[in-house]
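Asks: Next come a sequence and a model predicted from it.
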Amino acid sequence: MSLSDYFANAKGAGVLATADAKGNVDAAVYARPHVIDEETVAFIMADHTSHGNLQSNPHAAYLFMEDGEAYAGKRLYLTKVREESDLEKIRALRRRKVPPVCDPTEREARYLVSLRVDKTRRLVGDGGTAT
């Protein structure tokens, strides 16, 4: 199954793990990634720790656990390739539509961070696929 099909239909919770240049690790809850193509995903980020870490260390991992009792999901190993701050593009990409007066991008900078998918793995087990 393609990444775009998977994330278009999967329900669950995700965690993005990043580290700064010194190796200090952070983990944060993130929604499903926006699949740009089968080799690139993107996250809309505020200027918080995860975004800051990606400025000095482009590598990250995203763990997605599907809803349900089984341990099903995906792990994505990622490398930052690009970043944009075009608010119109960010608003168009958002899954959750909010009225402009409630839009957090009005109060805080947002970034569209694109990451190359270097490898995918099942949530549990050693099997992996290089992409």
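Replies: Received the coordinates, thanks.

Asks: So what's the residue count around the residue nearest to residue 2 when sequence neighbours are not counted?
Replies: Among residues not flanking residue 2 along the chain, residue 38 sits closest, at 5.9 Å (CB to CB, 6 or more residues apart in numbering). The C-beta positions use only the backbone N, C-alpha and C, and glycine is treated the same way. Using other CB atoms under 10 Å, residue 38 is surrounded by 12 other residues.

Asks: quick one, phi psi at residue 38?
Replies: Recorded main-chain torsions at residue 38 are phi -70, psi -10, according to degrees, to the nearest 10.

Asks: Wait, a helix at residue 14?
Replies: No - the assignment for residue 14 (DSSP: H, G, I helix; E, B strand; the rest coil) gives strand, which keeps it out of a helix.

Asks: neighbours of it, just the number please.
Replies: 20.

Asks: Can you verify my assumption that it contacts residue 30?
Replies: Yes - counting by CB atoms under 8 Å, residue 14 touches residue 30, with 5.0 Å between them.

Asks: list the residues that contact both of these two?
Replies: With CB atoms under 8 Å, 6 or more residues apart in numbering applied, the overlap between the contact sets of residue 14 and residue 30 consists of residue 62.

Asks: For the residue nearest to residue 2, give its distance to residue 50.
Replies: 23 Å (CB to CB, to the nearest Å).

Asks: what's the answer for residue 59, then?
Replies: 12 Å.

Asks: Name the SS class of residue 89, please.
Replies: helix.

Asks: Contacts only, for it.
Replies: Residue 89 neighbours (CB under 8 Å, 6+ apart): residue 112.

Asks: tell me the pLDDT at it?
Replies: Listed pLDDT for residue 89 reads 89.

Asks: ok, back up a step: residue 6 is in contact with the residue nearest to residue 2, correct?
Replies: No - under the criterion of CB under 8 Å, residue 38 makes no contact with residue 6, lying 10.5 Å away.

Asks: where do the strands sit along the protein?
Replies: Using DSSP state E, the strands of the chain run over residues 12-19, 25-30, 34-37, 40-46, 59-66, 73-84, 110-122, 128-130.
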